[in-house]
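Colleague: Build me a model from this:
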Amino acid sequence: MRRAHHVAAAAAAAAGLTACAAGGTEPAASTTMVGGMTECTTEALAGPATAAAQSMGPDNVYTVDDLSCSEGWAVTAGLLASTDNPDMGAPTSFVFEQQGQFWVVQDKAKVCGTSPTTTTAPADATIPPALFLSGCAAG
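Modeller: Take a look at the predicted model:
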């Protein structure tokens, strides 16, 4: 009888922990993101591209004019400008790698290989060859 009581108490405690975890203060995960994937669209990359621009300077703005995607990677091409003069800036590209449901900006010096000024991806480049020119050879 005593053992049955302990087993029942343990089961009740486990149920309580499960209910507590499910009803905690953290928001429930979206069922559409289970599996952790994101889309390669201008809308999905606009926020990460703006964050990449602002990491270079808090007054920076960035407009995505073009987007190329391949094998879980993306390259945005656009205008990097300041909030003082958002229409006057420099053409700039950012390289992103998909990591689950997020696009994570990549350091071109690390993903473009040892010879990023060539027209073909060097053997040590980790960016897909289809994105090498737009992501590494361009600004």
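Colleague: Pro128 versus the closest residue to Tyr62 other than its chain neighbours, what's the distance?
Modeller: Spatial nearest neighbour of Tyr62, chain neighbours left out: Ala53 (3.6 Å); criterion: CB to CB, 6 or more residues apart in numbering. (Each C-beta comes from the backbone N, C-alpha and C, glycine too.) Shown here: Ala53 relative to Pro128, a distance of 23 Å by CB to CB, to the nearest Å.
Colleague: With neighbour numbers in mind, choose between the two.
Modeller: Using other CB atoms under 10 Å, the more surrounded residue of Ala53 and Pro128 is Ala53, with 25 against 18.
Colleague: Got phi/psi on the more buried one?
Modeller: With angles defined as degrees, to the nearest 10, Ala53 shows backbone torsions of phi -60, psi -40.
Colleague: need the contact list for the residue most central in space within the chain.
Modeller: With the centre of the chain defined as its mean C-alpha position, the nearest residue by CA atoms, centre = their mean is Trp103, 1.3 Å away. The contact partners of Trp103, taken as CB atoms under 8 Å, 6 or more residues apart in numbering, are Thr38, Ala44, Leu45, Pro48, Ala74, Phe96, Glu97.
Colleague: how about the residues you listed in CSV, adding distance to Asp65, pLDDT and secondary structure?
Modeller: Formatted as CSV, the entries for the contacts of Trp103 read as follows, by distance: CB to CB, whole Å; pLDDT from 0 to 100; DSSP: H, G, I helix; E, B strand; the rest coil:
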residue, distance to Asp65, pLDDT, secondary structure
Thr38, 20, 87, coil
Ala44, 16, 95, helix
Leu45, 12, 97, helix
Pro48, 16, 97, helix
Ala74, 14, 97, strand
Phe96, 15, 98, strand
Glu97, 21, 97, strand
